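>>> Below is the structure, and that's it, no one-letter string:
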DNA sequence: ATGGCTTCATAGTGAAGA
């Protein structure tokens, strides 16, 4: 089974990219973040023509998440339960017996900002939800854009980013708290030493200069960790014309 | 450089992303 995640930074702009990518990478599940389109504007026809079903939680201008899949999705949850959130950042479903939780985590802007307080509160709510899900499901995948680089190895210039948004001690602690629920960073557990980024700033030719951050992740429960075959970031999609600033990441489990 | 680039939005000395 292949499960992928991609922050597309507007599905309106990136639909051709998504369709082209799926043609080359016919994964079983593709989790999308930052749709930036309203619930009734989701391009379901084009996605069905490509051979996929979908569930989505869309929002005008910002946020928005979706799951594209070949099988069947049950027990769909949109938005973190018991957490009032104006921003649509989470969709979960059970697909092929695997509980898939797709998240577009809060950016946070700067560590002293009001948005950082929202990020803190949002991660606490996510943690409580995932803890519940872990009790009900053996095979759990928590994936998406976490907006956290877990370690200095995941940052092109750790000294410059030290304590900054995406790299602060608080954020890394929230990431560890998710792992403490019994999840594993699939990329890092499979490739402990590799320098591999998933996001490169549009500005200053950061992609061409190979200067990025690893902030998109696929976390898996212990039962799934044992069956990991590969974890790959597709930098080719980042090199396409008018690309998203994030690259897709794909997990294959036996 | 509180920058850069890209998106969506509006027509802003823009807002937000990461």
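Arrived safely. These figures come from a predicted structure and were not determined experimentally.

>>> quick one: secondary structure of residue A:102?
strand (DSSP: H, G, I helix; E, B strand; the rest coil).

>>> And for it, nearest residue in space, chain neighbours not counted?
If you skip the residues right next to it in sequence, residue A:102 has residue A:31 as its closest partner in space, 3.8 Å away by Cβ to Cβ, 6 or more residues apart in numbering. Placement of C-beta: from N, CA and C, glycine included.

>>> what's the next secondary structure element after the helix or strand that that neighbour is a member of?
Element membership for residue A:31 (DSSP states H and E) is strand A:29-33. Using DSSP H and E, the helix or strand that follows strand A:29-33 in sequence is helix A:44-49.

>>> Now do that next one: which elements does it pack against?
Secondary-structure packing of helix A:44-49 (3 or more Cβ pairs under 8 Å, 6 or more residues apart in numbering; DSSP states H and E): helix A:11-24, strand A:53-57.

>>> Could you confirm whether the host helix or strand of residue A:127 reaches DNA strand B?
Using DSSP H and E, residue A:127 sits in helix A:114-136. Yes - part of helix A:114-136 sits near DNA strand B under the criterion Cβ under 7 Å from any atom of the strand, namely residue A:115.

>>> Could you point out the helix or strand that follows that helix?
Going down the chain from helix A:114-136, the next helix or strand is strand A:140-145, by DSSP H and E.

>>> orientation of that following strand relative to helix A:114-136 in degrees?
Compare the direction of strand A:140-145 with that of helix A:114-136 by axes from the mean of the first three to the mean of the last three Cα atoms, to 10 degrees and you get 160 degrees.

>>> Please spell out which residues along the helix holding residue A:127 are buried.
Of the residues in helix A:114-136, those buried under the neighbour-count criterion (16 or more other Cβ atoms under 10 Å) are A:116, A:118-120, A:122-123, A:125-127, A:129-130, A:133-134.

>>> re the thing from before, how about the residue nearest to residue A:102, what does it touch?
The neighbours of residue A:31, taking Cβ atoms under 8 Å, 6 or more residues apart in numbering as the test, are A:3-6, A:65-68, A:100, A:102, A:143-144.

>>> Tell me the residues of the stretch 151-254 of chain A that contact DNA strand B?
Contact residues of the stretch 151-254 of chain A with respect to DNA strand B, defined by Cβ under 7 Å from any atom of the strand, are listed as A:165-166, A:199, A:201-204, A:213, A:215, A:242, A:245.

>>> Output these in JSON lines, with secondary structure, neighbour count and pLDDT appended to each entry.
JSON lines is the format used below for these (DSSP: H, G, I helix; E, B strand; the rest coil; neighbours: other Cβ atoms under 10 Å; pLDDT from 0 to 100):
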{"residue": "A:165", "secondary structure": "coil", "neighbour count": "19", "pLDDT": "96"}
{"residue": "A:166", "secondary structure": "coil", "neighbour count": "20", "pLDDT": "97"}
{"residue": "A:199", "secondary structure": "strand", "neighbour count": "22", "pLDDT": "98"}
{"residue": "A:201", "secondary structure": "coil", "neighbour count": "14", "pLDDT": "97"}
{"residue": "A:202", "secondary structure": "coil", "neighbour count": "11", "pLDDT": "96"}
{"residue": "A:203", "secondary structure": "helix", "neighbour count": "7", "pLDDT": "94"}
{"residue": "A:204", "secondary structure": "helix", "neighbour count": "10", "pLDDT": "94"}
{"residue": "A:213", "secondary structure": "strand", "neighbour count": "21", "pLDDT": "98"}
{"residue": "A:215", "secondary structure": "coil", "neighbour count": "24", "pLDDT": "98"}
{"residue": "A:242", "secondary structure": "coil", "neighbour count": "8", "pLDDT": "96"}
{"residue": "A:245", "secondary structure": "coil", "neighbour count": "18", "pLDDT": "97"}
